[in-house]
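Enquirer: my questions concern the predicted model and sequence given below.
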Amino acid sequence: MTQKYSPSELLICLASRVMEDGTTAFIGTGIPMLAASLAQAMHAPNLVPIFEFGGTGAILEKLPLAVGDMRTYNKALAASGICDVMETAQRGFVEFGFLGGAQIDKYGNLNSTVIGDHAHPKVRLPGSGGANDVGSSCWRTIAIMIHDKRRFMEKIDFVTTPGYLTGPGAREEAGLPENTGPYRVVTNLCVMGYDDVSKQMKLLSLNPGVTIEQVIENTGFKLLLADKITENTPPTDEELRILRKEVDPDGLYR
Amino acid sequence: MTQKYSPSELLICLASRVMEDGTTAFIGTGIPMLAASLAQAMHAPNLVPIFEFGGTGAILEKLPLAVGDMRTYNKALAASGICDVMETAQRGFVEFGFLGGAQIDKYGNLNSTVIGDHAHPKVRLPGSGGANDVGSSCWRTIAIMIHDKRRFMEKIDFVTTPGYLTGPGAREEAGLPENTGPYRVVTNLCVMGYDDVSKQMKLLSLNPGVTIEQVIENTGFKLLLADKITENTPPTDEELRILRKEVDPDGLYR
Amino acid sequence: MVKNKSIPIFEEGEFPLIQPIDLDGFRAHNRKKTKALIDKRMTEKEAIEKFVKDGDYIGFELYGTVRCPMSLTRELVRSGKKDFRIVGQGVHELDLMFAANQVKEIDFTYISLEVYGISDNMRRRVESGDVTKIVEWSNAAITWRFKAASMGVPFIATRNMLGTDTLKKSSAKVIECPFTHQKIALLPALIVDTGFIHVNRADIHGNCQIDGISGFAFEMSRACKNLIISTEEIVDTKEIRKHPDRTIIPYYLVDAVIHAPYGSWPGEMSGMYERDEPHYKMFVDMQKTKESMDEYMQEWVYGLPDHKALLDKVGKKRLQDLTL
Amino acid sequence: MVKNKSIPIFEEGEFPLIQPIDLDGFRAHNRKKTKALIDKRMTEKEAIEKFVKDGDYIGFELYGTVRCPMSLTRELVRSGKKDFRIVGQGVHELDLMFAANQVKEIDFTYISLEVYGISDNMRRRVESGDVTKIVEWSNAAITWRFKAASMGVPFIATRNMLGTDTLKKSSAKVIECPFTHQKIALLPALIVDTGFIHVNRADIHGNCQIDGISGFAFEMSRACKNLIISTEEIVDTKEIRKHPDRTIIPYYLVDAVIHAPYGSWPGEMSGMYERDEPHYKMFVDMQKTKESMDEYMQEWVYGLPDHKALLDKVGKKRLQDLTL
């Protein structure tokens, strides 16, 4: 029997498990930071965190509160600037990137710019920031989202960050680097991937206690289903111990 | 009555006098370096020497032997790299640049690439190096040349570095920055400038003991003559003292 | 022209440039800047009087609450100057400038309070139409635009932004690369009228050192017509000359040097002090409504004559606690 | 495509690229490089065996006799590998490689002995036709070509080279800028197969620091598929982590780390030792004829098994005299 865990702790663990050892990951503040830190402790000791304003290979003794703060280059291997890091990604050195957004479509395109019309927005959102860069340059991106119909939409209001754009071949046709694109979507309900051929979002595994119907109900487009949909292992005792004792001892993200 | 001086000492003094205070100058090794150092001591304490591989504002306690050696950033204000320096010039921060070459034409175009045909050269020369960059980006360039017919030619074998190209307006038409171009040519015989309208080389002043006829005889194109051609003051006692005691105490360039 | 040769333009961002590119004008301006080692120290007020006017295109470095020139920003707000065109990189400065309604047009990348959520000051000004023009870019794109200006060239190529509405609502152009024949985006150079950068240390001439990450200080400092530096410490030029490889901003780029200890407060400064978390959280709460934000501005900006008065108000004890 | 919109190509350098641009291939290569902190130390011989093959496009940093990877160069000569395509930046390395006739094609900027005049080794190989292709660039242009590669983009714009034969005999292209409508030159990215850089200090993983001017180490290190570093000192990674802002080449770019004290001899090393002027002058004399150059090569390159043997031959006393 496992311990109780919070919804954020589940998201952190799911995102953490996606990352592989010996690779690099563009890290934003919040869940990606905790996920990277947990992955380093669990299964990916050689995962290199890269922060967009210049920190590479930091030892994450304290949780950064911002992508440029001192903790992002604490005992780091390099502290340079945004150009160096973004160009490193453009040269193909960054494997994973994390993304979020207000809206996502079945091709993994993301909106973090406006709700409504660009000229007269209903809600002005924060804008691309590094998101478009991460979505363009990283080999594989992982979106972390809250799962509901108003966010998983057939047509999003604005494509801030490229997913597979209009489908197979569209990224390459647009001039984006080969063999890149969305890889996983981690939500409070499930983990999704993308169909190799159609490049459309596909349900892979369900969070504990969640049904396929629930996911479909909360998704505003036709979701593909993997042949075998598995259940995600809840956070293990070991994951929770590291998360609570080592990664986030002050409980900032519990 | 002035002291005796060597031909190099005369060239150094003439080049030195061209530079103005409170400006920047791209410095190559050899005569430009000594000229800049002398200018700093004589009339241009705020002349800032810039070396193409990264040294800016060095205190020239010892003569550099190469454009990248340690003396080019001795107690400097900044030691960066070639891109930073070349981009600083491209942004218009560098007033003076020194150039040399095997051949020059009446528009101040310079050849330091090949004698003969490019594919089958009679003599392969060192190539552009920073020369093309200096000739493109600096506001005013000063060529230092040995004066003879085989060097001052109607048509040079290869335009390595742009002077006024084919004449008035040609630099701007080619896309080079506005209001830039050759300013002076300092030789063992004389100092020349360029006609404001025709952009052709014009004799301004003669070295001690040299006649106009001598200059014309050693120039392979029709040289314009200034309304009033003056005589260059020979190196003064003060210039020679500084040059020999402070700038080049080891006599490397005497 | 090479016979029958041209490159197609596949797509153009729909906005004209907020700041047109004038490379030769930039060169002429840079030529006139003094190259002499003069004393450039002055107060925030003097610098802003001298180098900023209504309608200017202005830029700030760094990001969020990290190494921000806040003492200059408060003075800029107090100056009452307006109609600025700005590069919107989500720095804390902008929160204050939005509150004071000084922003007319934005080259927008990311404006938000990071983990603390969206900037309500920004939302109020954008959604009301007080900001009349918003052009979209990514973080890398805007920095590459500075980089193009810093190189003295009209554009930089990138493979980012392609295929998105971010590009459609920008001023970028997509052409066919004449070498690879792939689509490539061109980002236009961004020359800033007046830029503000806060550094760890500088001499009186403006030779600057920055510790830790350098953000986009290198590129932006070289993309500004006028550059105002605030610095935690003033050091002797001899110190600069000891480590010339540490000079990230050389003096000839700099027009004014302001000695501003704790100049990034309530934000952090690399290796020197941490963010004032209680104050910042208070700000986060107060920015939620226009009324409470006005109160904040009254108390922390308008109500104080200068940076020294601000530091007195924050108090020695609090500043010492923040110091590393 | 935007209706009726295209950009004219006004001029094209007449040479095809010596090294074609494959950005996606470069990305795929970089993806495969290890990101783990492994020990990359090896000998010059091992590094060259592993990472260099006949016909490769290779590059050296820095210039003249300053911070040159000479221990690697001597090993490269001894390896007998050949038909290299190189970027010709006038470094002392090239003198030896020309003598050994290892150079087939050159992206040429400046090859000379600076104050000591023209390189006769270069002249012999170029004028005889042993070098079969020479493409012209300026110093800035070649570095900007590295910079384009380092950014992962196909070209960089410049206003240099315009209007000259240097451009005509290059692979650059002149287009109309779609923003300013002025002519602008595009310099194609230069991706090096294997690059050699000598640094002041590095850890066993390849995190490198350079003192003083950085030349084009930043740009070239990021433009190489394989990067071989030689270093005066090996330091603990803890030292690197103390000053991460000093890391100019991060480890993930690096494939091999060679510990080579006095690795730039007979050239100089910033802050560490001066050029061996008597030896260099002897070299300058001996390179004047093929016969005496062959003697030099026999004595100082072929006749020695490795860098240690070279240092023994130079002698402790001489090395100490050069040391600052």
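Expert: Ah, there it is.

Enquirer: give me the nearest residue to residue 252, chain neighbours excluded.
Expert: You didn't say which chain, so I picked chain A. Nearest residue to A:Leu252, sequence neighbours excluded (Cβ to Cβ, 6 or more residues apart in numbering or on different chains): A:Leu63, at 5.9 Å. Where you see a C-beta, it was placed from the backbone N, CA and C, and this is true even at glycine.

Enquirer: please refer instead to chain C.
Expert: C:Lys35 (5.3 Å).

Enquirer: swap in A:Cys83?
Expert: Nearest to A:Cys83 is C:Thr143, by Cβ to Cβ, 6+ apart, at 5.5 Å.

Enquirer: surely that neighbour is in a helix?
Expert: Yes. Membership of C:Thr143 in a helix is supported by DSSP: H, G, I helix; E, B strand; the rest coil.

Enquirer: list the contacts for it?
Expert: Counting by Cβ atoms under 8 Å, 6 or more residues apart in numbering or on different chains, C:Thr143 touches A:Ile82, A:Cys83, A:Met86, C:Phe216, C:Glu219, C:Met220.

Enquirer: equivalent analysis for A:Pro182, please.
Expert: A:Pro182 sits next to A:Tyr107, A:Gly108, A:Gly135, A:Arg140, A:Thr141, A:Ala143, A:Gly163, A:Tyr164, A:Tyr194 when contact means Cβ under 8 Å, 6+ apart.

Enquirer: now that we have the residues you listed, which of them are buried?
Expert: Buried residues within the contacts of A:Pro182, defined by neighbour count using 16 or more other Cβ atoms under 10 Å in any protein chain shown: A:Tyr107, A:Gly108, A:Gly135, A:Arg140, A:Thr141, A:Ala143, A:Gly163, A:Tyr164, A:Tyr194.

Enquirer: can you tell me how far A:Ala66 is from C:His92?
Expert: The gap separating A:Ala66 from C:His92 is 10 Å, by Cβ to Cβ, to the nearest Å.

Enquirer: any residues in contact with both of the two?
Expert: Residues touching both A:Ala66 and C:His92 (Cβ under 8 Å, 6+ apart): C:Gly64, C:Thr65.

Enquirer: before we move on, the earlier item: among the contacts of C:Thr143, which two are most distant?
Expert: The most widely separated members of these are A:Met86 and C:Met220, with 14.6 Å between them, by Cβ to Cβ.

Enquirer: where in the chain is pLDDT low?
Expert: Using chain A here. For chain A, the stretches with pLDDT under 70 are A:1-2.

Enquirer: actually it's chain C I care about, not the one you picked
Expert: The model of chain C has pLDDT under 70 over residues C:1, C:3-4.

Enquirer: residues of the stretch 1-150 of chain C that sit close to chain A?
Expert: For the stretch 1-150 of chain C, the residues in contact with chain A (Cβ under 8 Å from any Cβ of the partner chain) are C:62-67, C:88, C:90, C:108-112, C:114-115, C:118-119, C:122-123, C:126-127, C:129, C:134, C:136-141, C:143-144, C:147.

Enquirer: how about stretch A:7-24: buried residues?
Expert: Buried-residue list, stretch A:7-24, by 16+ other Cβ under 10 Å: A:8-19, A:23-24.

Enquirer: those in strands, which ones?
Expert: Within the buried residues of stretch A:7-24, residues falling in strands by DSSP state E are A:Thr24.

Enquirer: can I get the buried residues of stretch A:7-24 in TSV with distance to B:Val48?
Expert: TSV is the format used below for these (distance: Cβ to Cβ, whole Å):
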residue	distance to B:Val48
A:Ser8	56
A:Glu9	58
A:Leu10	60
A:Leu11	56
A:Ile12	54
A:Cys13	58
A:Leu14	58
A:Ala15	52
A:Ser16	53
A:Arg17	57
A:Val18	53
A:Met19	50
A:Thr23	46
A:Thr24	41
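
Enquirer: for the buried residues of stretch A:7-24, which one is nearest D:Gln298?
Expert: The shortest approach to D:Gln298 among the buried residues of stretch A:7-24 belongs to A:Thr24, at 47.0 Å (Cβ to Cβ).

Enquirer: phi and psi next, for the nearest residue to C:Glu219 once chain neighbours are set aside.
Expert: Nearest residue to C:Glu219, sequence neighbours excluded (Cβ to Cβ, 6+ apart): C:Phe146, at 4.0 Å. With angles defined as degrees, to the nearest 10, C:Phe146 sits at phi -60, psi -40.

Enquirer: wait, doesn't C:Phe146 sit right on C:Gly215?
Expert: No. At 10.8 Å, C:Phe146 does not count as touching C:Gly215 under the criterion of Cβ atoms under 8 Å.

Enquirer: how about the nearest residue to A:Pro121, chain neighbours excluded?
Expert: In this structure, A:Pro121 finds its nearest non-sequential neighbour in A:Val114, 4.1 Å apart by Cβ to Cβ, 6+ apart.

Enquirer: now the strands for the stretch 51-200 of chain A?
Expert: Secondary structure of the stretch 51-200 of chain A, counting by DSSP state E, counting those that start in this stretch: strands at A:55-56, A:78-79, A:96-99, A:103-104, A:110-111, A:114-116, A:121-124, A:140-145, A:181-187, A:190-194.
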